[in-house]
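> Sequence and computational prediction follow.
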Amino acid sequence: QVQLVESGGGLVQAGGSLRLSCAASGRTFSTYPMGWFRQAPGKEREFVAAISWNGGSTYYADSVKGRFTISRDNAKNTVYLQMNSLKPEDTAVYYCSSRRSIRIATSPNEYDYWGQGTQVTVSS
């Protein structure tokens, strides 16, 4: 059974930084792409970033491009999301995700496994 456990969320002032981590278990981590999504109150879950199995390809939502960086350490079965220059509109629950396919994807409907989420709150 695939398990994804996020950590690293918290409260930060606008302009600050946070690094989220997602520890994966239950299958061969290095084979599959990983993604980060977020959901703010009253809004749909939206794509943030995705990374291919070996880290060679990354994709970002326009709203976070240049501020967020997704990376992975396959030896540690962990994917990261470094978030810099945070804005109040980045406030949301952030979810780590994975999928059965080896192809990278950016839609939440294409992901099969989800973590429990970690809250990120950015104060103005």
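Now that the structure is in, tell me what you want to look at.

> okay, now Lys76: neighbour count?
12 (other CB atoms under 10 Å). C-beta coordinates here come from the backbone N, C-alpha and C atoms, glycine included.

> which residues of the chain score low on pLDDT?
Residues of the chain meeting the criterion pLDDT under 70: none.

> nearest residue to the most centrally placed residue in it other than its sequence neighbours?
Using CA atoms, centre = their mean, the residue of the chain that lies closest to the mean C-alpha position is Trp36, 2.3 Å off. Nearest in space to Trp36, with sequence neighbours left out and distances taken as CB to CB, 6 or more residues apart in numbering, is Val48 at 4.3 Å.

> any idea how far Thr118 is from Arg99?
Distance of Thr118 to Arg99, given as CB to CB, to the nearest Å: 20 Å.

> Quick check on the two: which one has the bigger neighbour count.
Counted by other CB under 10 Å, Thr118 and Arg99 do not tie: Thr118 has more neighbours, with 22 against 18.

> For the closest residue to the more buried one other than its chain neighbours, give me its contacts.
Residue nearest to Thr118 in three dimensions, not counting chain neighbours: Gly9, with 3.4 Å by CB to CB, 6+ apart. Gly9 is in contact with Leu18, Leu20, Tyr94, Thr118, Gln119, Val120, counting by CB atoms under 8 Å, 6 or more residues apart in numbering.

> One more: Leu20?
Contacts of Leu20 by CB under 8 Å, 6+ apart are Glu6, Ser7, Gly8, Gly9, Trp36, Tyr80, Leu81, Met83, Tyr94, Cys96, Thr118, Val120.

> again, but for Val5
Val5 touches Cys22, Ala23, Cys96, Gly115, Gln116, counting by CB under 8 Å, 6+ apart.

> re the thing from before, show me the beta-bridge partners of the residue nearest to the centre of the chain.
Beta bridges link Trp36 to Ala49, Cys96, judged by DSSP bridges.
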